[in-house]
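J.: coordinates only, sequence not included:
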């Protein structure tokens, strides 16, 4: 049998209290039963001593007229209690055995037939002046005392133990009932007391639960109220409450510092991006203007101007991406209009076929349009970044499938799946971080900025959705889930 596990401190404390109380009740009850049994047995022994061997001695000469002895110890059976047993043993053999049934007249004395087992048990009673308990087949348990008779025989007088056993059993029943009720009452009262005593810890746990549910990773720094300071208090609860509140203070301070650092970084990124746009555009414009000079240019100068123009264009794209991320981080509102994702997928895949003709592009579209509410330009950029990622990170000839569908959970799902080499395991956990670059085909054409997938997850989050990657070598799927626009 498996006992149920006690999962809470309250349950363990209550169970421990009940176990201790049960042990105490068992000890008290056992001591009371043993004391009562010993007391009543001693009373029987005293009664046997007071009665003496008169009844047993009368069995030595059964024909004696009792009235002639004026009640001496040999024949006075009138002083014997009901169920008194008298036995005479001579030469190790029971010669006479009788029991007083109801009264004090000679007619109330009943002669007994003793079997061999009872005879051996009676013969084993020592004549030491002490009481001894003997179990007889026909009569039950008796307390007996033996005396040496006048004729060299042994005389035994016994009283039944049934009244003692009945009293002890009654005490056991009463004690068991009282202690059982006490345990039930103590269990209920103990559970309430423990619950009341631990309410401060419960409030600390509630506060910790509320803190654990806060989106701390997204920049939230306002923690809930500290654990309450309740009365009555204990030193242990005081220590836990104080330490917990101090910990919350440290956490809140650390989150505040982190938030300020992130805000400074975002501000720097936005300012730097904004300030770099003009000089980068100027460098690019001058390079292109120099390339348009009508006079002949040395080949090395022409090549240098082309590289300047290309890198200026790449830097301009990076600046634009950084500025977009800064705006998304700042939580600036996006456009909110109906966007047909089916039409968007068709346009993006047409562009992808033009820029990546060495890949095999295919579509998976539903019969009905999939409409969401959002910013058409940003969603177009999200999908264009996913197709560009598939083109840059897979070799020529790779099959890329772009799809959109409706899910039963009320979301629209965009997927881009390719059968390329997959995402390296070392990059999987950081794939959507900023400035993360993969190896392989990216380097062949200069690669990207490392911000494409960061923009994907930022745009998805700004629309209340998410972006994930699954699969491995041979099948890699990028999935973007967006809330569907409600009908009408």
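T.: Yes, it's here. Quick caveat, the model's predicted, so the values are computed rather than measured. Numbering: from 1, shown residues only.
J.: low-scoring stretches of the stretch 1-150 of the chain, by residue?
T.: For the stretch 1-150 of the chain, residues meeting the criterion pLDDT under 70 lie at 1-6, 60-79, 102-107.
J.: ditto for the stretch 301-450 of the chain
T.: Filtered on pLDDT under 70, the stretch 301-450 of the chain yields the residue ranges 330-331, 437-449.
J.: how about a cut-off of 90?
T.: 301-337, 355-356, 366-375, 377-378, 381, 389, 392-394, 406-411, 420-450 (pLDDT under 90).
J.: how about the helices in it?
T.: All helices of the stretch 301-450 of the chain, identified by DSSP state H, counting those that start in this stretch, fall at 341-355, 376-392, 425-428.
J.: buried residues in the last one?
T.: By that I understand helix 425-428. Within helix 425-428, no residue counts as buried by 16 or more other Cβ atoms under 10 Å. All C-beta atoms are positioned from the backbone trio N, CA, C, and that covers glycine.
J.: following it, which helix or strand shows up next?
T.: Going down the chain from helix 425-428, the next helix or strand is helix 452-462, by DSSP states H and E.
J.: for that following helix, packing partners?
T.: On a contact count with 3 or more Cβ pairs under 8 Å, 6 or more residues apart in numbering; DSSP states H and E, helix 452-462 meets helix 299-329, helix 376-392, strand 466-472, strand 475-483.
J.: re the thing from before, distance to residue 50 for the helices of the stretch 301-450 of the chain - can I get that in JSON lines?
T.: Converted to JSON lines, these look like this (distance: least, Cβ to Cβ, whole Å):
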{"stretch": "helix 341-355", "distance to residue 50": "110"}
{"stretch": "helix 376-392", "distance to residue 50": "109"}
{"stretch": "helix 425-428", "distance to residue 50": "98"}
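J.: which residues touch residue 111?
T.: 96, 97, 98 (Cβ atoms under 8 Å, 6 or more residues apart in numbering).
J.: if we use 7 Å, what do you get?
T.: Residues in contact with residue 111 (Cβ atoms under 7 Å, 6 or more residues apart in numbering) are residue 98.
J.: would you map the strands across the stretch 201-350 of the chain?
T.: Under the criterion DSSP state E, counting those that start in this stretch, strands of the stretch 201-350 of the chain are mapped to 337-340.
J.: before we move on, back to that, most tightly packed of the helices of the stretch 301-450 of the chain?
T.: Counting by mean count of other Cβ atoms under 10 Å, helix 376-392 has the highest mean neighbour count of the helices of the stretch 301-450 of the chain, with a mean of 21.
J.: could you check the angle helix 299-329 makes with that helix?
T.: In terms of direction (axes from the mean of the first three to the mean of the last three Cα atoms, to 10 degrees), helix 376-392 departs from helix 299-329 by 130 degrees.
J.: between the helices of the stretch 301-450 of the chain, which gets nearest to residue 155?
T.: Counting by Cβ to Cβ, residue 155 lies closest to helix 425-428 out of the helices of the stretch 301-450 of the chain; the figure is 100.7 Å.
J.: distance-wise, check residue 450 relative to residue 436.
T.: As judged by Cβ to Cβ, to the nearest Å, residue 450 and residue 436 stand 6 Å apart.
J.: repeat that for residue 352.
T.: From residue 352 to residue 436 the distance is 22 Å (Cβ to Cβ).
J.: cool, and residue 238?
T.: Relative to residue 436, and taking Cβ to Cβ, residue 238 is found at 48 Å.
J.: what do you get for residue 241?
T.: Noted for residue 241: a distance of 44 Å to residue 436, by Cβ to Cβ.
J.: which one of these two is surrounded by more residues?
T.: Each of residue 241 and residue 436 has its neighbours counted (other Cβ atoms under 10 Å); residue 241 has more, 21 against 14.
J.: is it true that the more buried one touches residue 200?
T.: Yes: the pair residue 241 / residue 200 is scored as a contact, 6.5 Å apart, by Cβ atoms under 7 Å.
J.: returning to what we had before: ok, which of the helices and strands packed on helix 452-462 comes nearest residue 39?
T.: Closest to residue 39 of the helices and strands packed on helix 452-462, according to Cβ to Cβ: strand 466-472, at 81.0 Å.
J.: any idea of the angle the closest one forms with helix 376-392?
T.: Strand 466-472 runs at 20 degrees relative to helix 376-392, counting by the same axes, to 10 degrees.
J.: which outside residues touch strand 466-472?
T.: Contacts for strand 466-472 (Cβ under 7 Å, 6+ apart): 422-423, 431-432, 456-457, 460, 476-481.
J.: and stretch 212-219, average pLDDT?
T.: Average pLDDT, stretch 212-219: 68.
J.: I meant stretch 283-290, not that one.
T.: The predicted model assigns stretch 283-290 a mean pLDDT of 75.
J.: stretch 238-253 now?
T.: If you average the pLDDT over stretch 238-253, you get 79.
J.: ok, stretch 155-162 next?
T.: Mean pLDDT, stretch 155-162: 90.
J.: check which residues of that stretch are buried.
T.: Residues of stretch 155-162 classed as buried by neighbour count (16+ other Cβ under 10 Å): 155, 156, 157, 158, 159, 160, 161.
J.: nearest to residue 80, of those?
T.: Residue 80 has its nearest neighbour among those in residue 157, at 8.5 Å by Cβ to Cβ.
J.: quick check: bridge partners of that closest one?
T.: Bridge pairing for residue 157 (DSSP bridges) gives the partners residue 86, residue 145.
J.: and it, how close does it get to residue 41?
T.: Taking Cβ to Cβ as the criterion, residue 157 is separated from residue 41 by 15 Å.
J.: same check on residue 187?
T.: 36 Å.
J.: what do you get for residue 480?
T.: 90 Å.
J.: which of those two has more neighbours?
T.: More crowded of residue 480 and residue 41, by other Cβ under 10 Å: residue 480, with 25 against 16.
J.: how about the more buried one, nearest residue that isn't a chain neighbour?
T.: residue 414 (4.3 Å; Cβ to Cβ, 6 or more residues apart in numbering).
J.: mind listing what the one you found touches?
T.: 341, 383, 404, 480.
J.: what sits against residue 308?
T.: Applying Cβ under 7 Å, 6+ apart to residue 308 gives the contacts 283, 287.
J.: cool, residue 348 as well?
T.: Taking Cβ under 7 Å, 6+ apart, we find residue 348 in contact with 380, 383, 384, 387.
J.: and of those residues, the nearest to residue 209?
T.: residue 383 (39.4 Å).
J.: of the contacts of strand 466-472, closest to residue 81?
T.: Among these, residue 481 lies closest to residue 81 (Cβ to Cβ), at 95.0 Å.
J.: I'd like to know how many residues surround the closest one.
T.: Residue 481: 19 surrounding residues under other Cβ under 10 Å.
J.: these two touch, right, it and residue 410?
T.: No: in this structure, residue 481 is not within contact of residue 410 by Cβ under 7 Å, at 10.1 Å.
J.: quick one: the strands in the stretch 51-200 of the chain?
T.: Taking DSSP E, counting those that start in this stretch, the strands of the stretch 51-200 of the chain run over residues 85-90, 93-100, 109-111, 132-136, 140-148, 154-160.
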